[in-house]
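Asks: Let's see this in three dimensions:
(one chain, ligands or ions: 1)
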Amino acid sequence: MKKIVVTGCAGFIGSSISSELLSLGFTVLGIDSLSSYYDINIKRANLRYLESFEKFHFLKKSINHLIEKDFNTHEWDLCVHLAASPGVLPSVDNAEEYHLNNVTGTSNLLKNLNEVGIKKIIFASSSSVYKDNGIGLFKEQENETSPLSPYGKTKLKGESLLAEYHKKMDFDVLILRLFSVYGPKIRPDLALFKFANAMLENQPISIYGDGTSQRDYTHIKDVVKGMLSAIRFISENNSIMEIINIGNGNPIRLNTLIKLLEKELQISAQVNYIDSKKAEMQYTGANISKARSILSYNPDIEFKRGVHEFIHWFKENRNYYGA
Ligand SMILES: NC(=O)c1ccc[n+]([C@@H]2O[C@H](COP(=O)([O-])OP(=O)(O)OC[C@H]3O[C@@H](n4cnc5c(N)ncnc54)[C@H](O)[C@@H]3O)[C@@H](O)[C@H]2O)c1
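Replies: Here you go, the predicted model:
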């Protein structure tokens, strides 16, 4: 399987997986609408790098408007579907837009993939689909899904659409539930970026709640590794329908993250604690035993090291974000 469609290729995770695939010699059709969710210049910079590879083909288009003809340049083997409106809190006031991009868009993508005969798909779902039960690491089959946010709801609906295409159209499907991805080229709306950036600019940072909430931060290199294993697995197997957590398995408190940043940056954070938001989970944590057994997934980057490396990268590359 050497020819892969990547939706959302200009984004944080999409550009990271696309560049890895291109480095490995794959041909990639990248599709991205270059949405304005965050500074489009960051996406353009991501794209410029991808366009330095001969085997990269780019289509600037919304997945909502795809038609069969868009896929007829090559015989594509499979699709890695990452295009979406991301972010939990912004979804609260923009539920319709999230539904349009993440559910209607996924539905149109699936319809087109089916028509052109691309019947293998890997979908980026999210830890946001889980019920925040405070019990412990989320397990794919045992923990209930009950998303708090419109974003989480759209991801769960996306999962159902894929399951339907598996049942009725014989699609092979891998649903990867990703947990708080961070690292070089991180999305600028994510906590690690916002906090580090504010601290370097001597600005206060705002935290929802008292800082005891926890996230299972997962380094982008581990996510890319997980996705490569997923590509291998789905390429070599048929009749696949699996939901797999891709996390780190070690939730970290927000206050711990801030302490780490203070140490790395040698700057004291000015923290404003504000009321927590209903749509935000208090806890996310991935049980990764299924990923270990099916994908031989084994995250390498422990959080302290990941933050250390991220801060080093961030200081050298703040111009990436227009600083
Ligand atoms: N970053 C995380 O921590 C995380 C965690 C869980 C799940 N995810 C999922 O992983 C995927 C990638 O996330 P990311 O952090 O790289 O976000 P991102 O915003 O950087 O990337 C998403 C890309 O999709 C594009 N896009 C949005 N709507 C589109 C549409 N209708 N048609 C075509 N392109 C469209 C955007 O322009 C963007 O480049 C998303 O599906 C997200 O929900 C991310």
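Asks: Where do the helices of this structure begin and end?
Replies: For the chain, the helices defined by DSSP state H cover 12-23, 40-50, 95-99, 105-116, 150-169, 191-200, 220-236, 254-265, 289-295, 303-316.
Asks: Between those, which one is closest to K3.
Replies: Of all the helices of the chain, helix 12-23 sits nearest to K3, with 10.0 Å by CB to CB. The way it works is simple: take the backbone N, C-alpha and C, and place the C-beta from them, glycine included.
Asks: for the closest one, the distance to its chain's centre please.
Replies: 12 Å (CA atoms, centre = their mean, to the nearest Å).
Asks: CA atoms only: put it into PDB for me.
Replies: Extracted C-alpha coordinates of helix 12-23, given in PDB (Å, rounded to 0.1, in the frame of the first residue of the first chain):
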ATOM      1  CA  PHE A  12      -0.700  19.700  12.900                       C
ATOM      2  CA  ILE A  13      -1.200  15.900  12.800                       C
ATOM      3  CA  GLY A  14      -2.000  15.700   9.100                       C
ATOM      4  CA  SER A  15       1.300  17.400   8.100                       C
ATOM      5  CA  SER A  16       3.300  15.300  10.500                       C
ATOM      6  CA  ILE A  17       1.900  12.000   9.200                       C
ATOM      7  CA  SER A  18       2.100  13.200   5.600                       C
ATOM      8  CA  SER A  19       5.800  14.200   5.800                       C
ATOM      9  CA  GLU A  20       6.600  10.900   7.400                       C
ATOM     10  CA  LEU A  21       4.800   9.000   4.700                       C
ATOM     11  CA  LEU A  22       6.500  11.000   2.000                       C
ATOM     12  CA  SER A  23       9.900  10.500   3.600                       C
END
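Asks: and for it, what are the contacting residues?
Replies: Helix 12-23 has contacts (CB atoms under 8 Å, 6 or more residues apart in numbering) with 4, 6-9, 28, 30, 32, 43, 46-47, 49-50, 53, 55-56, 80, 82-83, 124, 178, 181, 183, 185-187, 220, 223-224, 227-228, 231.
Asks: export the helices of the chain to a markdown table and tack on mean pLDDT?
Replies: Shown next, in a markdown table, are those (pLDDT from 0 to 100):
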| stretch | mean pLDDT |
| --- | --- |
| helix 12-23 | 98 |
| helix 40-50 | 96 |
| helix 95-99 | 97 |
| helix 105-116 | 98 |
| helix 150-169 | 98 |
| helix 191-200 | 95 |
| helix 220-236 | 98 |
| helix 254-265 | 97 |
| helix 289-295 | 98 |
| helix 303-316 | 96 |
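Asks: Which one, of those, ends up nearest to the ligand?
Replies: helix 12-23 (3.5 Å; CB to the nearest ligand atom).
Asks: which ones are touching D77?
Replies: D77 touches M1, K2, K3, I4, I118, K120, S235, counting by CB under 8 Å, 6+ apart.
Asks: Distance across stretch 53-66, terminal residue to terminal residue?
Replies: 24 Å (CA to CA, to the nearest Å).
Asks: quick one: which of the helices of the chain is nearest H65?
Replies: Nearest of these to H65, taken as CB to CB: helix 105-116 at 7.6 Å.
Asks: List, one by one, the residues from the stretch 51-200 of the chain near the ligand.
Replies: 62-64, 82-86, 101, 105, 124, 126, 178, 180-181, 187 (CB under 6 Å from any ligand atom).
Asks: can we see that at 5 Å?
Replies: 62-63, 82-84, 86, 101, 105, 124, 126, 178, 180-181, 187 (CB under 5 Å from any ligand atom).
Asks: about what we covered before: ok, and the most crowded of the contacts of D77?
Replies: I4 (24 neighbours; other CB atoms under 10 Å).
Asks: Can you tell me which of the helices of the chain is packed in deepest?
Replies: Neighbour counts (mean count of other CB atoms under 10 Å) averaged over each of the helices of the chain peak at helix 12-23, with a mean of 23.
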